[in-house]
Structure formats: structure tokens, C-alpha cells
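**Student:** Below is the sequence, then the predicted model.
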Amino acid sequence: MSTVQLTKDALNDLRQLDGQACQLVVKALKKLETEPSKRGAPLGSRVTGNLTGFRKLVVGDRDYRIIYQVEPDETVTVIWVIARRSDDECYTLAVSRLQELPDQRMANLGRQLLDVGFGHKSR
């Protein structure tokens, strides 16, 4: 069983959704409590930035994306972004939120650890 944790930004994303979208997202978040590394699809390097080590979960009729990370032992799943898919908004948000972390050295180390945990090579 994985504990699903939302960053402050992701919690704000959730609060801004309308009723029906919010219900769909909450159901999807609940699914991430069980085998989160087998749900969604892995992300990689994109035009907007490198999201290697992150996963995306499609919600609803492909309207929303949940961008998340899973710790290697699958005990914690961290939700970074909940956003509309349109114009890659969700991926742009994920990259910008990573860049806003106060300690970029620690953010890069975290990404490298995730890369190693998932067998990816850092880029």
C-alpha cells in the first residue's frame, strides 16, 4: 500500500477543479494507493523539460493528467501536478514546479536517485 501525498501546488490544483472533475481525480488518486508504478505511463525528456522518473495518469475522457513520482519501495507516491492536458499545460507545470524548488542540487539528486531506482540513465 502506497501513501499518496500531494504537494502544496497539487493540492491547490485539486481545489480548483469543478465538482465532476474533482470526483474523477480523487478516484484516480485512490487507485495510486495500490501498485502506483504499474499505473499510468512513464515520462521522459520532453520539449518543455526532462521528466524522467515521473509518471502520468490519464483521468476522465483524457482531459486531465496527474503527474507523479513513486518512491522505489512504493511506500510513497508524490503528486506534483493535476492539470488539463491541453497544450501540454500539465508537463510545463511539472517542469516549472521542479525548477522552483529552493535547492536545485537536492532536486537534481532526487531526480538521479529516482532514475537509478527505475533503471533510467540520467540525462
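**Tutor:** Structure received.

**Student:** Setting the sequence-adjacent residues aside, check what's closest to residue 31.
**Tutor:** Ranked by CB to CB, 6 or more residues apart in numbering and with sequence neighbours excluded, the top spatial neighbour of residue 31 is residue 39, at 6.1 Å. C-beta: built from backbone N, CA, C; applies to glycine.

**Student:** which ones are touching the one you found?
**Tutor:** 31-32, 55, 57 (CB atoms under 8 Å, 6 or more residues apart in numbering).

**Student:** Only the buried subset of the residues you listed, as a ChimeraX command please.
**Tutor:** In ChimeraX, selecting the buried portion of the contacts of residue 39, with burial taken from 16 or more other CB atoms under 10 Å, looks like this:
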select :32,55,57
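
**Student:** Of the contacts of residue 39, just say which sits nearest to residue 91.
**Tutor:** For the contacts of residue 39, the closest approach to residue 91 (CB to CB) belongs to residue 55, at 12.1 Å.

**Student:** which element is residue 57 on?
**Tutor:** Taking DSSP states H and E as the definition, one finds residue 57 inside strand 55-59.

**Student:** Who are the packing partners of the next helix or strand after that strand?
**Tutor:** Where DSSP H and E defines the elements, the next helix or strand beyond strand 55-59 is strand 64-70. Using 3 or more CB pairs under 8 Å, 6 or more residues apart in numbering; DSSP states H and E as the contact criterion, the secondary-structure elements in contact with strand 64-70 are helix 19-31, strand 55-59, strand 76-84, helix 89-99.

**Student:** The longest one vs strand 55-59, what angle?
**Tutor:** Counting by axes from the mean of the first three to the mean of the last three CA atoms, to 10 degrees, helix 19-31 lies at 140 degrees to strand 55-59.

**Student:** Could I have the CA atoms of helix 19-31 written out in CSV?
**Tutor:** Output in CSV follows, covering the C-alpha atoms of helix 19-31 (Å, rounded to 0.1, in the frame of the first residue of the first chain):
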residue,chain,number,x,y,z
GLY,A,19,-17.2,19.1,-8.9
GLN,A,20,-17.2,16.3,-11.6
ALA,A,21,-13.6,16.7,-12.5
CYS,A,22,-12.6,16.7,-8.8
GLN,A,23,-14.5,13.4,-8.2
LEU,A,24,-12.8,11.8,-11.2
VAL,A,25,-9.4,12.9,-10.0
VAL,A,26,-10.0,11.7,-6.4
LYS,A,27,-11.0,8.3,-7.7
ALA,A,28,-7.8,8.2,-9.7
LEU,A,29,-5.7,9.3,-6.7
LYS,A,30,-7.2,6.4,-4.7
LYS,A,31,-6.1,4.0,-7.4
